[in-house]
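>>> task: produce atomic coordinates for the following.
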Amino acid sequence: QVQLVESGGGLVQAGGSLRLVCAASGQTFTTYPVGWFRQTAGKERECVASIGWGGGSTYYGDSVKGRFTISRDNAKKMVYLQMNSLKPEDAAVYYCAIGRQQWGSYNRRASEYAYWGQGTQVTVSS
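Predicted coordinates:
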């Protein structure tokens, strides 16, 4: 069984930074892609970033390109999302998820992810 735990969310002023951390337990992590998604009330879950199993391929949503950076440390079973220059519209619950395809590259479709964390709240004040 795989469990994912997100941390690092909180309240930050616009223009500030946060680093989200996704910690995984279980063996199903190192050979699978991982994604960071966010969701606000009444909206679909949006992929903000995704990283392939080896870390060599990444995807960023248009709204976060140049501001967010995804990375992973397979030895520690952790994935990070560095968020800089935060905007009020970045406020959401952020989730990490493990993809279904072993040895897979990044993927932005929520349906392609099998395991999800509980989420961490990010609030950005203007």
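>>> burial of residue 42, as a residue count?
5 (other CB atoms under 10 Å). Glycine gets a C-beta too; all of them are placed from N, C-alpha and C.
>>> for residue 28, give me the pLDDT.
Predicted confidence (pLDDT) at residue 28: the value is 75.
>>> okay, the nearest residue to it once chain neighbours are set aside: pLDDT?
Leaving out its chain neighbours, the residue that sits closest to residue 28 by CB to CB, 6 or more residues apart in numbering is residue 2, at 4.8 Å. pLDDT for residue 2: 88.
>>> so which residue is smack in the middle of the chain?
Most central in the chain under CA atoms, centre = their mean is residue 36, positioned 1.9 Å from the mean C-alpha point.
>>> against which helices or strands is the helix or strand encompassing residue 115 packed?
Here residue 115 sits within strand 113-116, counting by DSSP states H and E. Contacts defined by 3 or more CB pairs under 8 Å, 6 or more residues apart in numbering; DSSP states H and E place strand 113-116 against strand 3-7, strand 92-99.
>>> wait, the residue nearest to the centre of the chain touches residue 70, no?
Yes - between residue 36 and residue 70 there is a contact under CB atoms under 8 Å: 6.2 Å.
>>> need the overlap of contacts for the two.
Shared contacts of residue 36 and residue 70 (CB atoms under 8 Å, 6 or more residues apart in numbering): 49, 50, 79, 81.
>>> and the gap between residue 14 and residue 89?
Distance from residue 14 to residue 89, counting by CB to CB, to the nearest Å: 10 Å.
>>> just to revisit the earlier point, just the element for the residue nearest to the centre of the chain, please.
In this structure, residue 36 sits in strand 34-39 according to DSSP H and E.
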